[in-house]
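Asker: Okay, predicted coordinates and the sequence, questions at the end:
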Amino acid sequence: MSLSEKPLTVRCPTCKRLVPWTPEQAFKPFCCERCKLIDLGEWAMEEKRIPGESLTLENDSDEDAFFQ
């Protein structure tokens, strides 16, 4: 990339700060590790979801069936 070319920039999904889309940006699309971990925590606490119907497993009644 030449010096006259500006890299693509995106907004951090957490704080909305502009983030350059370059190889040096380790946490893209996030601006930093903190914003990345905040987003991960929201998914882990089920504050964020992918819309759609939940899948039912054959042995949903037996929660420990996976470990047998």
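Answerer: The structure has been received and is ready for your questions.
Asker: Quick check: which ranges of the chain have low pLDDT?
Answerer: 1-4, 59-68 (pLDDT under 70).
Asker: And the helices in it?
Answerer: 33-44 (DSSP state H).
Asker: Dump stretch 38-48 to CSV, keeping only the CA atoms.
Answerer: What follows is stretch 38-48, C-alpha atoms only, in CSV (Å, rounded to 0.1, in the frame of the first residue of the first chain):
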residue,chain,number,x,y,z
ILE,A,38,-16.8,-6.7,26.3
ASP,A,39,-18.4,-8.1,23.1
LEU,A,40,-17.4,-11.7,24.1
GLY,A,41,-19.0,-11.2,27.5
GLU,A,42,-22.2,-10.0,26.0
TRP,A,43,-22.4,-13.2,23.9
ALA,A,44,-21.5,-15.4,26.9
MET,A,45,-24.2,-13.8,29.1
GLU,A,46,-26.7,-14.3,26.2
GLU,A,47,-27.3,-10.6,25.8
LYS,A,48,-26.6,-11.0,22.1
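Asker: ok, and for it, which residues are buried?
Answerer: residue 39 (16 or more other C-beta atoms under 10 Å). For every residue, glycine as well, the C-beta is placed using N, CA and C.
Asker: Find out how far that stretch is from the centre of the chain, if you would.
Answerer: When distances are taken as C-alpha atoms, centre = their mean, to the nearest Å, stretch 38-48 is centred 9 Å away from the chain's centroid.
Asker: Contacts for that stretch, please.
Answerer: 13, 14, 30 (C-beta atoms under 8 Å, 6 or more residues apart in numbering).
Asker: Relative to residue 56, which of the residues you listed is nearest.
Answerer: Among these, residue 13 lies closest to residue 56 (C-beta to C-beta), at 30.3 Å.
Asker: re the thing from before, pull out the buried residues from the contacts of stretch 38-48.
Answerer: Buried, going by 16+ other C-beta under 10 Å: 14, 30, out of the contacts of stretch 38-48.
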